[in-house]
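In: Coordinates for the following, if possible.
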Amino acid sequence: MNPPDDLQARLGHVFRDPLLLQRALTHRSHGADNNERLEFLGDAVLNLVVAQALYAVDEADEGRLSYARAALVRESTLAELALELDLGRQLQLGQGEQRSGGRRRRSILADALEALVGAVYLDGGIEAASALVQRLYGQRLRDLDLRASAKDAKTVLQEMLQGSGLRLPSYRVLQTSGPQHAQCFVVECEVPDLGLRASGQGSSRRAAEQQAAQSVIPLLEQRESGSQEARP
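Out: Residues are numbered from 1 along each chain as shown. Down below sits the predicted model:
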């Protein structure tokens, strides 16, 4: 299967090595030569390029930059971008995934988009990957108001749980180390109703709690995505 020219046109990148694009579009259900390794690489490249783009947009502080980046690279956003590219139609899936609606499954679409970023990076380098991300996010980046992105991770997590009728998360200090003037806190955030937990660290308890909450948010999103996909 040769990667379609119309997809390359939408990406704005013509592959020197078409096999990279073909691999990026191949789900693990289709065979051993799939997009999982490209997804791993693309996740790192995407985070770097989005962070760089946000850094250039505004003099926002680290907290707002982190919040904005998390919103731009979360699974739901990546799946939206993949749908805009009509990526599901191009995916190579196993028969079971095709029958179960894999071409519109958020997790599969988001993973494939990350794999595409990884493939473009290998094919054309960081400049090509950056250009792709600028094209993909387009108006999302232009309309972004970092001054309005003031909600911290604890607030976002709380609102997500309240919206689902779940109890609020709990936080506990796991470890405190270092001298009094330069302490390091390790805090665990737990969502008791779902059994989700993750830890974070920082120079204050509050900073560590924010980091832990930020780590729980994608776990919660994955859980919600899985629940939606399991519905008939």
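In: Roughly how far does Ser66 sit from Gln52?
Out: The gap separating Ser66 from Gln52 is 14 Å, by CB to CB, to the nearest Å. (Glycine included, C-beta is placed from N, CA and C.)
In: Neighbour count: the two, which is higher?
Out: Under the neighbour definition other CB atoms under 10 Å, Ser66 and Gln52 were set side by side, and Ser66 has more, 19 against 13.
In: For that one, list the residues it contacts.
Out: Ala153, Gln214 (CB atoms under 8 Å, 6 or more residues apart in numbering).
In: which residues of the protein fall in strands?
Out: Here the chain has its strands, by DSSP state E, at 170-177, 184-191, 196-202.
In: Out of these, which is the most enclosed?
Out: Stretch with highest mean neighbour count among the strands of the chain: strand 184-191 (a mean of 21; mean count of other CB atoms under 10 Å).
In: Pop the domain breakdown of this structure in here.
Out: 5-148, 153-230 (automatic domain parsing).
In: Identify, out of those domains, the most deeply packed stretch.
Out: domain 5-148 (a mean of 18).
In: State the mean pLDDT of the biggest helix by length in the chain.
Out: Counting by DSSP state H, the longest helix found in the chain is helix 106-142. Mean pLDDT, helix 106-142: 93.
In: which helices and strands does that helix pack with?
Out: helix 5-11, helix 18-24, helix 36-57, helix 62-73, helix 75-84, helix 205-230 (3 or more CB pairs under 8 Å, 6 or more residues apart in numbering; DSSP states H and E).
In: Quick one, which of the ones you listed gets closest to Glu97.
Out: Among these, helix 205-230 comes nearest to Glu97, with 11.1 Å by CB to CB.
In: Does anything pack onto that closest one? Which helices or strands?
Out: Going by 3+ CB pairs under 8 Å, 6+ apart, helix 205-230 lies up against helix 62-73, helix 75-84, helix 106-142, helix 153-163, strand 170-177, strand 184-191, strand 196-202.
In: redo that, cut-off 6 Å
Out: Judged by 3 or more CB pairs under 6 Å, 6 or more residues apart in numbering; DSSP states H and E, the packing partners of helix 205-230 are helix 153-163, strand 184-191, strand 196-202.
In: In JSON lines: those, plus distance to Leu78 and mean pLDDT.
Out: Converted to JSON lines, the helices and strands packed on helix 205-230 look like this (distance: least, CB to CB, whole Å; pLDDT from 0 to 100):
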{"stretch": "helix 153-163", "distance to Leu78": "18", "mean pLDDT": "86"}
{"stretch": "strand 184-191", "distance to Leu78": "23", "mean pLDDT": "95"}
{"stretch": "strand 196-202", "distance to Leu78": "20", "mean pLDDT": "93"}
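In: Export those as a markdown table, with columns for distance to Leu109.
Out: A markdown table is the format used below for these (distance: least, CB to CB, whole Å):
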| stretch | distance to Leu109 |
| --- | --- |
| helix 153-163 | 21 |
| strand 184-191 | 25 |
| strand 196-202 | 23 |
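In: which one of these lies closest to Gln211?
Out: Comparing these by their distance to Gln211 (CB to CB), the top pick is strand 196-202, with 2.7 Å.
In: Quick one: list the elements packing against that closest one.
Out: Strand 196-202 packs on strand 184-191, helix 205-230, going by 3+ CB pairs under 6 Å, 6+ apart.
In: relative to helix 75-84, how tilted is the longest helix of the chain?
Out: 90 degrees (axes from the mean of the first three to the mean of the last three CA atoms, to 10 degrees).
In: Could you tell me the angle between helix 106-142 and helix 36-57?
Out: Counting by the same axes, to 10 degrees, helix 106-142 lies at 20 degrees to helix 36-57.
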